[in-house]
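Novice: pasting the structure only:
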């Protein structure tokens, strides 16, 4: 556990779903939003979690910060299992684990000035001296590129990029060790995205932060992450260091994500675009989650659930044919040398 700040083990979260069978009361099942999810984040590291909308990324992030109760599994933060804690026991950890949301503006009181919003956060976390609260609020605004004058403004007076800077400031003001960033730049245009991402990288280095960066945009994840986990239908299908994942993708879903990315540095020679929609993963689900959309699916994939296996230093994939794909990549490399 030493070098790991956070370790998630076999996380599971389900929600009830109701099927329309034509009867007065439809049949009730449970959908696995997150199913057997496991990963870790090192101290000072940015871990990117990427996948389509609805694959369970945000559910995993909300569970880590204590906004969603899990069905089973463990979330170890510096050796303490957060899932086993009561609300009262979890409270001290809220200062160390913060979250930045996609739509920050919806979480802000429109009738409250920005300085007051930040000071309230500090007051809740035990900073009782008014002058100290004000100084800390002004300092954190400066860190995210907002001058002192913004202390007196209202949220509606800010642009989209400035609102996200305020969201980051709200997380930073209590000096956390881990920040979960849930699609923090997806609603911004490309130039503003770049500014926010560069600022996050700078802040992480200065403050020695760990980040869980959640996004559906694999290009954004590539820019900011040290390691990347690819998530599909509630589970991790591939994980590797960033450049290793982009150079040697093993899972067909990762290949499909790269094929869809607007990245001129990604080769598309063997990549196949995805077709169809994600199926619903219920508790009775068997086989590979990607079977119905995979261009390489075999009979084994329909019947057996693949486990996350190691295919080199730090590179894991959950695919029955990953060894075959890996050998093909090695062969192509040797041919090009």
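Specialist: Nice, I can see it. Keep in mind that what you see is a predicted model, and the values were worked out from it rather than measured.
Novice: where does the stretch 201-337 of the chain have low pLDDT?
Specialist: 262-273, 325-337 (pLDDT under 70).
Novice: Please enumerate the strands of it.
Specialist: Along the stretch 201-337 of the chain, counting by DSSP state E, counting those that start in this stretch, strands occupy 210-215, 227-232, 235-241, 309-310, 316-317.
Novice: JSON lines for the ones you listed, including mean neighbour count and distance to residue 185?
Specialist: (C-beta placed from N, C-alpha, C; glycine too.) Formatted as JSON lines, the strands of the stretch 201-337 of the chain follow (neighbours: other Cβ atoms under 10 Å; distance: least, Cβ to Cβ, whole Å):
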{"stretch": "strand 210-215", "mean neighbour count": "25", "distance to residue 185": "8"}
{"stretch": "strand 227-232", "mean neighbour count": "24", "distance to residue 185": "16"}
{"stretch": "strand 235-241", "mean neighbour count": "24", "distance to residue 185": "22"}
{"stretch": "strand 309-310", "mean neighbour count": "12", "distance to residue 185": "32"}
{"stretch": "strand 316-317", "mean neighbour count": "25", "distance to residue 185": "27"}
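Novice: Just send these back as a markdown table, with distance to residue 175 too.
Specialist: Output for the strands of the stretch 201-337 of the chain, formatted as a markdown table (distance: least, Cβ to Cβ, whole Å):
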| stretch | distance to residue 175 |
| --- | --- |
| strand 210-215 | 13 |
| strand 227-232 | 24 |
| strand 235-241 | 28 |
| strand 309-310 | 36 |
| strand 316-317 | 33 |
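Novice: Among those, which comes closest to residue 115?
Specialist: Ranking these by distance to residue 115, with Cβ to Cβ as the measure, places strand 210-215 first at 25.8 Å.
Novice: tilt between the closest one and strand 227-232?
Specialist: 40 degrees (axes from the mean of the first three to the mean of the last three Cα atoms, to 10 degrees).
Novice: Kindly spell out which helices and strands sit in contact with strand 210-215.
Specialist: Applying 3 or more Cβ pairs under 8 Å, 6 or more residues apart in numbering; DSSP states H and E, we find strand 210-215 packed against strand 4-19, strand 27-42, strand 46-50, helix 57-64, strand 178-182, helix 190-207, helix 218-224.
Novice: List just the one of these that sits closest to residue 103.
Specialist: Using Cβ to Cβ, those put strand 178-182 closest to residue 103, at 9.7 Å.
Novice: how far off strand 46-50 does that closest one point, in degrees?
Specialist: Per the same axes, to 10 degrees, the angle that strand 178-182 makes with strand 46-50 is 30 degrees.
Novice: Adjacent strands (with direction) for strand 178-182?
Specialist: Note on strand 178-182: by DSSP bridges, its sheet partners are strand 97-100 (parallel), strand 210-215 (parallel).
Novice: Pull the residues that contact the last one.
Specialist: Spelled out, that is strand 210-215. 5-6, 41-50, 57-58, 60-61, 64, 177-186, 200, 204, 221, 224-225 (Cβ atoms under 8 Å, 6 or more residues apart in numbering).
Novice: For burial, what's the neighbour tally of residue 318?
Specialist: Neighbour count of residue 318, defined by other Cβ atoms under 10 Å: 24.
Novice: Kindly report the same for residue 103.
Specialist: 14.
Novice: Show me where the stretch 51-200 of the chain has its helices.
Specialist: 57-64, 87-90, 114-124, 130-143, 160-172, 190-207 (DSSP state H, counting those that start in this stretch).
Novice: what residues does the last one touch?
Specialist: So the one you mean is helix 190-207. Under Cβ under 8 Å, 6+ apart, the answer for helix 190-207 is 44, 46, 143-145, 160-161, 164-165, 168, 172, 175, 181, 184-185, 188, 209-211, 220, 223-224.
Novice: Show me which of the residues you listed are buried.
Specialist: Buried members of the contacts of helix 190-207, counted by 16 or more other Cβ atoms under 10 Å: 44, 46, 143-145, 161, 164-165, 168, 172, 181, 184-185, 188, 209-211, 220, 223-224.
Novice: If you drop the residues flanking it in sequence, what lies closest to residue 17?
Specialist: Spatial nearest neighbour of residue 17, chain neighbours left out: residue 31 (4.8 Å); criterion: Cβ to Cβ, 6 or more residues apart in numbering.
Novice: Mind listing the residues bridging to the one you found?
Specialist: Applying DSSP bridges, one finds that residue 31 bridges with residue 15, residue 282.
Novice: now it: how far from residue 285?
Specialist: Per Cβ to Cβ, to the nearest Å, residue 31 is found 9 Å from residue 285.
Novice: beta partners for the spatially most central residue of the chain?
Specialist: Centrality entry for the chain: nearest residue to the mean C-alpha point is residue 214, 2.6 Å, by Cα atoms, centre = their mean. Applying DSSP bridges to residue 214 gives these bridge partners: residue 49, residue 182.
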